[in-house]
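Colleague: Give the three-dimensional model of this entry:
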Amino acid sequence: MRKVLLVLWRIWFYLLGAVPVVLFFIPLSLFLILPNGYRYVYWVARNIWAPFVLFGMGFWIKRLNRFPPEGVSMVLVANHTSYIDIMLMLRMRKTPFVFVGKKEIVKIPIFGYLYKRAAIMVDRSSSKSRFEVYNRARKVIDKGYSICIFPEKEYLDETLLLNPFKRGAFKLAIEHKLPLFPMVFLDCKRKFPWYTTHGYSGSLRVKALDLIETRGMTEADIHPLTERMHQEIKSELLADPKQNAVNAITVWKKRTA
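Modeller: Alright, predicted model coming up:
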């Protein structure tokens, strides 16, 4: 019975995510035609779509500490363990940011059309596509927006607490001299993992790590910064008193044994 309820809960998630997209599809498409129309798309995504899905799924957000002031362009990074991470990240900043995400999402009907025009897409198998990310990011930054990248490689593996990081986000921050804002999503891996075998509603805690100023850093600092961020985020997951991310691995292994 529990498995059936979990599957129905997941289906409900997709329905919640689809309804606002369908209802607002025409105005959102028109906004994306305008030179600075993304600001309106972001406002709808942050203030209507994300809360609608989070509340509908029985989640509420709990910030554990003080977050940096708004109004400054930066590169946002966090661990990525759930579909709900997107909605959670949108609620973290009022200042518009643009996601860098997988090209495959374009295949999703209706949503993919908007995503293609609103996000910076990357084909990870293509070096040319990865290089183009930096050109598109420059245009986004020039408009005063921030960039959000989930830096983990192969993040669908439920048996790993935190996958190794790709260096793209950190290279981008250093090249554009943008502050790097790392966050830790402490509960998503346990409460809404990639697969439907476990999960439950409740609070989603987010911890802000220290803002890192990248001015003065060079290409030689990319690898050390990447390793530093991986270690800091992993340490926070391990030090979490509730151990939700750590427990998620145990639960997953028991269900697949």
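Colleague: Tell me how many other residues crowd the nearest residue to Ile149 once chain neighbours are set aside.
Modeller: Distances taken as CB to CB, 6 or more residues apart in numbering put Ala169 closest to Ile149, at 3.9 Å, once the chain neighbours are dropped. For glycine as for every other residue, the C-beta is placed from the backbone atoms N, C-alpha and C. For Ala169, the neighbour count with other CB atoms under 10 Å is 24.
Colleague: Which stretches in the stretch 151-257 of the chain count as strands?
Modeller: Ranges of strands in the stretch 151-257 of the chain, per DSSP state E, counting those that start in this stretch, are 180-185, 202-208.
Colleague: Just name the most buried of those.
Modeller: strand 180-185 (a mean of 23; mean count of other CB atoms under 10 Å).
Colleague: In CSV, could you pull the C-alpha coordinates for that strand?
Modeller: What follows is the C-alpha trace of strand 180-185 in CSV, where atoms were taken according to Å, rounded to 0.1, in the frame of the first residue of the first chain:
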residue,chain,number,x,y,z
LEU,A,180,30.1,32.3,-5.3
PHE,A,181,27.1,31.5,-3.1
PRO,A,182,27.1,27.8,-1.9
MET,A,183,24.0,26.3,-0.2
VAL,A,184,23.3,22.9,1.3
PHE,A,185,19.9,21.2,0.8
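Colleague: Glu236 contacts Leu209, correct?
Modeller: Yes - the pair Glu236 / Leu209 is scored as a contact, 7.2 Å apart, by CB atoms under 8 Å.
Colleague: Spell out which residues are contacts of both of these two.
Modeller: Taking CB atoms under 8 Å, 6 or more residues apart in numbering as the contact criterion, the residues that touch both Glu236 and Leu209 are Val184.
Colleague: tell me what the helix or strand where Tyr115 lies is packed against?
Modeller: Taking DSSP states H and E as the definition, one finds Tyr115 inside helix 111-118. In terms of contact count using 3 or more CB pairs under 8 Å, 6 or more residues apart in numbering; DSSP states H and E, helix 111-118 is assigned the packing partners helix 2-23, helix 25-31, helix 38-44, strand 97-102.
Colleague: What angle do helix 111-118 and the last one make with each other?
Modeller: Read that as strand 97-102. Angular relation of strand 97-102 and helix 111-118 on a 0 to 180 degree scale: 120 degrees, by axes from the mean of the first three to the mean of the last three CA atoms, to 10 degrees.
Colleague: tell me the mean pLDDT for strand 97-102?
Modeller: On average, the pLDDT along strand 97-102 is 86.
Colleague: what about that strand, distance to the chain center?
Modeller: Taking CA atoms, centre = their mean, to the nearest Å, one finds the center of strand 97-102 at 8 Å from the center of the full chain.
Colleague: same thing with the third one?
Modeller: Offset of helix 38-44 from its chain centre (CA atoms, centre = their mean): 17 Å.
Colleague: Do me a favour and average the pLDDT over the next helix or strand after that helix.
Modeller: In the C-terminal direction, the helix or strand that comes right after helix 38-44 (DSSP H and E) is helix 50-56. For helix 50-56, mean pLDDT is 97.
Colleague: C-alpha coordinates for helix 50-56, CSV please?
Modeller: Listed next in CSV are the C-alpha coordinates belonging to helix 50-56 (Å, rounded to 0.1, in the frame of the first residue of the first chain):
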residue,chain,number,x,y,z
ALA,A,50,7.4,27.0,-6.9
PRO,A,51,5.2,27.7,-3.9
PHE,A,52,2.2,26.0,-5.6
VAL,A,53,4.2,22.8,-6.1
LEU,A,54,6.0,22.9,-2.7
PHE,A,55,2.8,23.6,-0.7
GLY,A,56,0.8,21.1,-2.8
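Colleague: what's the next secondary structure element after it?
Modeller: Sequence order places strand 59-63 as the next helix or strand after helix 50-56, per DSSP H and E.
Colleague: quick one, that following strand and strand 180-185 angle?
Modeller: For the pair strand 59-63 and strand 180-185, the angle between their directions (the same axes, to 10 degrees) equals 130 degrees.
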